[in-house]
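K.L.:
predicted structure and sequence below. I'll ask about it afterward.
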Amino acid sequence: MNTTGNEHYISFQPENCTQCHGCEIACKAWRELEYGVQYRRVRNLWRGDYPEIRSFTLSLACLHCVEPACAAVCPSEAITKEAEGGVVTVDEALCTGCKLCAEACPFGVPQFGEEGVMQKCDLCHSHQPADCDPPCVDTCPGKALVFVKEGASEKRNAEQRLVRLISSAE
């Protein structure tokens, strides 16, 4: 797995998110996803207790982790990480639908549709020209989503920030 080179992912800037759900709609429409499957999800999370309660937004899709837990547990090796760019992909023909990836993913990313195999964001790299931003990024009016390519340490820091954000709402 690529742990030293530059890797692609979509960075989320919560202060810019207006909760318009445009990223969800763009993803679902572009990928023609079936009912109940969402590669990108916008959530309103709450922190604190009354009267000091605060809400914040999270737009979440696969982070294409530096060390993807989903790939590590996949018994059929259906989940792999590309050496160039670090995109984590699923070979649906190899997936058995065991859902171990869903249990392992700290972000709850894996989705299972009618076919029973794992599906998730692949940064639309197989569905559009390489020099274009993914539709979710391109659609975001507040520029809360940014398509970036960074080193593994910066990407790992982004993963850890997201884990802290999610855990602070629980």
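P.N.:
Yep, it's here.

K.L.:
in this structure, which helix is the longest?
P.N.:
Ranked by residue count and defined by DSSP state H, the top helix of the chain is helix 152-168.

K.L.:
what packs against that helix?
P.N.:
Helices and strands touching helix 152-168, by 3 or more C-beta pairs under 8 Å, 6 or more residues apart in numbering; DSSP states H and E, are strand 7-12, strand 41-49, strand 52-60. From N, CA and C alone the C-beta is placed, and that goes for glycine too.

K.L.:
closest to residue 84 out of those?
P.N.:
Put simply, out of these the one that sits nearest residue 84 is strand 7-12, at 9.4 Å, with distance taken as C-beta to C-beta.

K.L.:
so after that closest one, what's the next helix or strand?
P.N.:
Counting by DSSP states H and E, the element after strand 7-12 in chain order, helix or strand, is helix 22-31.

K.L.:
so which bits of that next one are buried?
P.N.:
For helix 22-31, the buried set under the neighbour-count rule, 16 or more other C-beta atoms under 10 Å, comprises 22-24, 26-28, 30-31.

K.L.:
can you pull out the low-pLDDT segments for this structure?
P.N.:
Judged by pLDDT under 70, the chain has its weakly predicted residues at 1-5, 126-130, 168-170.

K.L.:
at 80 instead, please
P.N.:
Using pLDDT under 80 as the threshold, the predicted model of the chain has low-confidence ranges 1-5, 125-131, 165-170.
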